[in-house]
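> What would the 3D arrangement of this be:
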Amino acid sequence: MQQFDPTVITHNLQPIAAGLATTLGTWAAGVVIGMVIGFLIAVLQLFCGRWVRGLLRFYIELFRGTPFLVQLFLLYYGGPSFGLTLEPMTAGVLGLGLYGSAYFAEAFRSGFQSVPPGHLEAASCLGLTRTQAVWRIQMPQMLVLIVPALTNLIIVLSKETAVLSIVTVPELTFVLTGIGSASFAFVETLLMLCVCYLALVELTSRAGMWAETRVARFMA
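Take a look at the predicted model:
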């Protein structure tokens, strides 16, 4: 029986650190892409007609209703069939961003709709246009309301980065599973993987609580 050997981790700190850096980079890029697209979808749902809203709803349900693993397979391995050939890193970041955008869009939409209608009616009485009411009235209140939801979505995307290993993105899961396969130290590497993701989730959760407090004070 193989004994627990923590030196497997200490002897491979450099590749583990490189894998963690890749995880952080893909995670950050995916969150930014997802937030930008999701916000645009939410705003378009406010201003566009029924047909456009229907297409946007189809987009949201498509990405929310199918597993991220399947989406990533189709993007990376199925893309060349349609003339879309992507590098692993590009496919991983783009896939993560598109997947997250559907959830961010719903968070932003629910935030906009949570603003009491009376606030918009008051803005109209003051002579503000629809666009001005959205940016000056709905937007600030919406941001306060959805900070917890955004934090949870960012945490979910942090864990979804592990899926990127299937398309050979050299992130943390890919590196540690490779070390485990080479040394047969699967327990050590998987425990290290759990510790790293637990740390990321805890730090993100604390940052979200800090942001929620600051935003609430600013809007008070």
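
> doesn't residue 98 make contact with residue 160?
No - Residue 160 lies out of contact with residue 98 (CB atoms under 8 Å); the separation is 11.7 Å. All C-beta atoms are positioned from the backbone trio N, CA, C, and that covers glycine.

> Low-confidence stretches in the chain?
Scanning the chain for pLDDT under 70 picks out 1-2, 120, 216, 218-220.

> Now do the helices in it.
Listed in chain order, the helices of the chain (DSSP state H) span 7-10, 13-47, 50-65, 68-76, 88-114, 117-125, 130-133, 139-160, 172-183, 186-219.

> Quick check: which of the ones you listed is buried the most?
helix 88-114 (a mean of 21; mean count of other CB atoms under 10 Å).

> Check what contacts stretch 13-20 and list those residues.
Here stretch 13-20 makes contact (CB atoms under 8 Å, 6 or more residues apart in numbering) with 9, 170, 171, 172, 173, 174, 175, 176, 179, 192, 196.

> same thing but 7 Å
170, 171, 172, 174, 175, 176, 196 (CB atoms under 7 Å, 6 or more residues apart in numbering).

> that older thread, tell me which of the helices of the chain sits nearest to residue 82.
Nearest of the helices of the chain to residue 82, taken as CB to CB: helix 68-76 at 9.8 Å.

> what angle do that closest one and helix 88-114 make?
Put simply, helix 68-76 runs at 130 degrees to helix 88-114, going by axes from the mean of the first three to the mean of the last three CA atoms, to 10 degrees.
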